[in-house]
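> Let's see this in three dimensions:
(2 chains)
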Amino acid sequence: MTKIKTIILKEWAEVFKNRFVLFTVIFMPLFFTVLALVLLFLTRAAGTGDISSPTPDAFFRACPEGLTAEECLQIYFVSQFMLLFLLTPLIIPVNIAAYSIVGEKTTRSLEPLLATPITTLELLAGKNLAAAIPAVLATWASFLLYALGANLLLDNPRVVAALFDPKWWLAIAVVGPLLSILSVNFSLMVSSRVNDPRVAEQLSAVVILPLLLLFFGQLAGWIFLSPRLVVILALILVVLDALMVFLATRLFQRETILTRWR
Amino acid sequence: MIQTENLTRKFGELVAVEDLSLQVGAGEVFGFLGPNGAGKTTTVRMLTCLIAPTSGTAIVNGYRVGKEDKHIRRTVGLLTESPGLYDGLSVEHNLRIYANLYEVRDPAKQVEKYLRMLDLWDRRHDPAATLSKGMKQKLAIARALLHEPRVLFLDEPTASLDPEAAHMVREFIAGLRKEGRTIFLCTHNLDEADRLCDRIAVFKTRLLALDTPANLRSRVFGRKVVFHLRQADGAMAEAVRKMPFVKDVQVIDHKLLVALDDPERHNPEIIRLLVGLGADVQFVGELRRSLEDVYLQLVKNA
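Residues are numbered from 1 along each chain as shown, chains lettered A, B, ... in the order given. Take a look at the predicted model:
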């Protein structure tokens, strides 16, 4: 455990000296929180109007029984943007983990590191946790901040209850960390195979695309994020994460990394 | 401390190290000389368990490469060709990381010991990036020594350092030798090898020669003694040439250059003969070939 902890603290000491990474970790979740709160504030004053004809089915599915059309509209709009909270655990690890191995290659610090008695599993576990922990904490903190803000902004307990139904807690508490693990291991895999930090970051960013599809799919009304879908998503992510961890470990070939790097 | 038997490493069709067999004793400073691309770094990487041999065996510190790698990594120190420091972190933090990875018993004390020993204590809070090249190299040496390894692999420790920094590093290596550590020194700095090493291996994919610097000189060029005379003539050279132990004689200006196997034993006889022939012997000395000549000759013949 000492070695894993050493790697985590080393990564944080290095990575948080980079203002861009620090900015991503702090600003991005804060931005999503503020965006969701602003939407909540704006839709608070929305009128009922005629909402029958152009409204997608998802609107009605998102609306629990007993709420007014105005309340449903508010929940519908805000729910669309709740998915943004799941971007945080995907984006932050890309910024940290993508540079992780390739950075050690460029600074030539990987060889002395690999000459120590650290095992590949310990090294990757350290790098994994170093990237995943800030992402998960930032996600949870921003969501809690949002929950707090929403409670203050809304005086309607029925809307608050509908907004923070178990689906979203499950998404943030479980799907978020799972997405983070996926993103970290994908980035580590890319990072150990390429020799240029810029290429590593660009390739690693690909991992965000499926979530963006989900986001825009929901906006377009093609997909509706139901509790069932969240559970299915979590199960798929468990399988994908296991696969990614396996691949990242297998692809981290000490010898290949050292001898192919010039 | 280090023993290899037909150690070979291939990268596809390319043979980087071929049938390397050698032994390095405890407390020995062993020079590993070769041109760029000779396979020196590959050899060090095999002996420090960073890459696996294609065939052959190696035992380091009593542990077998490929089977007891974790033990080897715990008990050897490696200074890589480039320092590979974490430039954004402080000098002290750089060492703390490695002290923890090597599970050093009292990291703080050990870090302080080496920072003081290498005159880096006053710079301990500075980022490694702010150090000079020589200081960075010293920090990398400290990093390799934190866990008190008995065997130390130094890959080009003075490469790209200015003469003053190189001297500083060389002095430190000489100090390590006094502590009884075994040092495997990869270099293409022949002067450095000549000054520091007990034995030298000249290597270019395979082992070309292995001996003490003095023996390498005599093996490659033989031993030659220069007799400085006030006046030298052909008759004197002819008389010396006829002596049974003399291999060759050359006359250069007023000097006789005599090739022979055992100068310590035969020089007095030659001096007596020359004095008998009326020569004024001004002084006598052995012609010392540089290690560079030896090295170039060996590599050229390879």
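> rest of the way, CA atoms for contacts and neighbours
Fine.
> which strands and helices sit next to the helix or strand harbouring residue A:169?
Residue A:169 is located in helix A:166-170, with elements delineated by DSSP states H and E. Packing contacts for helix A:166-170, counted by 3 or more Cα pairs under 8 Å, 6 or more residues apart in numbering or on different chains; DSSP states H and E, involve helix A:227-251.
> Any part of the helix or strand following the helix it packs on near chain B?
Note on helix A:227-251: by DSSP H and E, the next helix or strand toward the C-terminus is helix A:254-260. Yes: contact of helix A:254-260 with chain B (Cα under 8 Å from any Cα of the partner chain) involves A:254-255.
> Count the neighbours of residue 121 for me.
Since you didn't name a chain, this refers to chain A. A count of nearby residues for residue A:121, using other Cα atoms under 10 Å in any protein chain shown, gives 12.
> Sorry, I should have been clearer: chain B.
Neighbour number of residue B:121 under other Cα under 10 Å is 16.
> Not counting sequence-adjacent ones, nearest residue to it?
In space, and not counting its chain neighbours, residue B:121 is closest to residue B:115: 4.8 Å by Cα to Cα, 6 or more residues apart in numbering or on different chains.
> re earlier: tell me which residues of the helix holding residue A:169 are tucked away?
Residues A:167-168 are the ones in helix A:166-170 that count as buried (16 or more other Cα atoms under 10 Å in any protein chain shown).
> got a list of contacts for that helix?
Residues outside helix A:166-170 that contact it (Cα atoms under 8 Å, 6 or more residues apart in numbering or on different chains): A:226-227, A:230.
> tell me the contacts of the closest residue to chain A within the stretch 51-200 of chain B?
Distance from chain A to each residue of the stretch 51-200 of chain B (Cα to the nearest Cα) is smallest for residue B:84, at 3.9 Å. Residue B:84 makes contact with A:107-112, B:140, according to Cα under 8 Å, 6+ apart.
> let's see it at 6 Å
By Cα atoms under 6 Å, 6 or more residues apart in numbering or on different chains, the residues touching residue B:84 are A:107-109.
> Show the model's pLDDT score for it.
Note on residue B:84: pLDDT of 90.
> is it true that it lies in a strand?
No: using DSSP: H, G, I helix; E, B strand; the rest coil, the secondary structure at residue B:84 is coil, not a strand.
> So which bits of the stretch 1-150 of chain A are right by chain B?
Contact residues (Cα under 6 Å from any Cα of the partner chain) of the stretch 1-150 of chain A with chain B: A:3, A:107-109, A:116-117.
> low pLDDT regions in the chain?
I went with chain A, as the question did not name one. A:44-62, A:261-262 (pLDDT under 70).
> meant chain B actually
Scanning chain B with the threshold set as pLDDT under 70 gives B:220, B:302.
> Would you state the helices of it in chain order?
Secondary structure of chain B (DSSP state H): helices at B:40-47, B:69-75, B:91-101, B:107-117, B:133-145, B:163-178, B:190-196, B:213-221, B:234-241, B:263-276, B:291-301.
> Please tabulate those helices in a markdown table, including the columns mean neighbour count.
Listed next are those as a markdown table, based on neighbours: other Cα atoms under 10 Å in any protein chain shown:
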| stretch | mean neighbour count |
| --- | --- |
| helix B:40-47 | 23 |
| helix B:69-75 | 21 |
| helix B:91-101 | 23 |
| helix B:107-117 | 17 |
| helix B:133-145 | 23 |
| helix B:163-178 | 16 |
| helix B:190-196 | 17 |
| helix B:213-221 | 17 |
| helix B:234-241 | 16 |
| helix B:263-276 | 14 |
| helix B:291-301 | 15 |
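> would you list these in CSV and tack on distance to residue A:177?
What follows is these, written out as CSV (distance: least, Cα to Cα, whole Å):
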stretch, distance to residue A:177
helix B:40-47, 38
helix B:69-75, 33
helix B:91-101, 28
helix B:107-117, 34
helix B:133-145, 36
helix B:163-178, 48
helix B:190-196, 55
helix B:213-221, 62
helix B:234-241, 89
helix B:263-276, 79
helix B:291-301, 59
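> Among the ones you listed, which comes closest to residue A:130?
helix B:91-101 (14.9 Å; Cα to Cα).
> Could you see whether chain A lies near that closest one?
Yes: applying Cα under 6 Å from any Cα, one finds helix B:91-101 touching chain A at residue B:101.
> contact partners of that helix?
So helix B:91-101 is contacted by A:3, B:107, B:124, B:127-128, B:143 (Cα under 6 Å, 6+ apart).
> And for stretch B:228-243?
Residues outside stretch B:228-243 that contact it (Cα under 6 Å, 6+ apart) are B:249, B:254-255, B:280-283.
> Indicate the residue of the stretch 1-150 of chain A located nearest to chain B.
Relative to chain B, the nearest point of the stretch 1-150 of chain A is residue A:109 (3.9 Å; Cα to the nearest Cα).
> Neighbours of that residue, how many?
When counting by other Cα under 10 Å, one arrives at 19 neighbours for residue A:109.
> where does residue A:224 land in three-state SS?
Residue A:224 is classified as coil under three-state DSSP.
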